[in-house]
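Colleague: Fold the following and give me the result.
(2 chains)
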Amino acid sequence: MSNILTQNDIRYVDYKDVELLKQFMNPHGRIIGKKRSGLTSKQQRMVEEAIKRARFMGLLPYIQK
Amino acid sequence: MATKKAKVAAETEAVLRVYEAGYHIASSVKEDELESIVGGIRSIIEKAGGIFIAEGAPVLTKLAYTMYQSEKGKRIAHDRGYFGWIKFESPTTLAKDLSDALQKNKEIIRSMVFVTLREDTRAKFRVAPVREVKRGEAKAVARSEEEAVPVSEEKLDKALETLTE
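Modeller: Residues are numbered from 1 along each chain as shown, chains lettered A, B, ... in the order given. From the prediction side, this is the model:
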């Protein structure tokens, strides 16, 4: 499986890694689906949780105009 | 029945977990006062017997969206805040107490306490920012690389011959 997380041996996604999380969002600020991101189910859940935490803390937008 | 409940309560209190608390302090707070606010958070953790693992000092950051805070019937908008975080190990009861204390603090715009890992969870490598790459620059680099490759005249002639044929 070739995705950013596997290639760089990232086992835990932190909500503070905004630049990493932006890789899994589309220009509108929506989370990219598992099929497009190429992540495993476990990784996708981890990324989703981190993005939602970052959004709540105001580090990432809910929607981008 | 009551003893069972007491037992369960005692067991849950004894369990130690690793938590992380993230917070945004209002930008209206002076930089000199930041230390006292962070000190207040630290003292809550220390009093409950928590052990510090890592900490990120508050840094002024631009918020991705405007946050609103109501104070005395007025709606205050915040577009910047001092973002900081603390990672600590503590009994499970502290997490609730700390999140309540952070929410009550009027100088803290937003806060979050959650269970995490002891290890450093931040990615070790830096991802190139998506929107800062300029297309013109990328093209220029590709062209210069093409020009740099030396081509002998014989090869050029052969290539031309094949094209004209």
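
Colleague: Next to chain B in this structure, residues from chain A, please.
Modeller: Taking Cβ under 8 Å from any Cβ of the partner chain as the criterion, chain A approaches chain B at residues A:4, A:8, A:10, A:12-17, A:19-20, A:22-23, A:53, A:55-62. All C-beta spots, glycine's among them, are computed from the backbone N, C-alpha and C.

Colleague: Which ones among those map onto helices?
Modeller: In this view, the residues of chain A next to chain B that belong to helices under DSSP state H are A:I4, A:E19, A:L20, A:K22, A:R53, A:R55, A:F56.

Colleague: now those residues: which count as buried?
Modeller: For these, a burial check counting by 16 or more other Cβ atoms under 10 Å in any protein chain shown picks out A:I4, A:L20, A:K22, A:R53, A:R55.

Colleague: buried residues in stretch A:44-58?
Modeller: So, applying 16+ other Cβ under 10 Å, buried residues of stretch A:44-58: A:Q44, A:M46, A:V47, A:E48, A:A50, A:I51, A:R53, A:A54, A:R55, A:M57, A:G58.

Colleague: contacting residues around that stretch?
Modeller: Taking Cβ atoms under 8 Å, 6 or more residues apart in numbering or on different chains as the criterion, the residues outside stretch A:44-58 that touch it are A:5, A:12-18, A:21, A:24-25, A:31, A:34, A:37, A:39, A:60-62, B:22, B:24, B:63-65, B:67, B:81, B:83, B:110, B:112, B:114.

Colleague: Now with 6 Å, please.
Modeller: When contacts are defined by Cβ atoms under 6 Å, 6 or more residues apart in numbering or on different chains, stretch A:44-58 is touched by residues A:V13, A:Y15, A:L21, A:F24, A:I31, A:K34, A:L60, A:Y62, B:G22, B:L63, B:A64, B:M67.

Colleague: residue ranges for the strands of chain A, please.
Modeller: Ranges of strands within chain A: none, based on DSSP state E.

Colleague: what about it, any weak spots by pLDDT?
Modeller: Within chain A, the segments meeting pLDDT under 70 span A:1.

Colleague: I'd like the buried ones among the ones in helices among the residues of chain A next to chain B written out as CSV, with distance to B:A159 added.
Modeller: Rendered in CSV, the data for those read as follows (distance: Cβ to Cβ, whole Å):
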residue, distance to B:A159
A:I4, 40
A:L20, 45
A:K22, 44
A:R53, 57
A:R55, 55
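
Colleague: taking the residues you listed as a set, which two sit the farthest apart in space?
Modeller: Taking Cβ to Cβ as the measure, these reach their widest spread between A:I4 and A:R55, a distance of 19.8 Å.

Colleague: thinking again about what came up before, out of the contacts of stretch A:44-58, what pair is the most spread apart?
Modeller: Largest separation among the contacts of stretch A:44-58 by Cβ to Cβ: A:K34 and B:M67, giving 30.4 Å.
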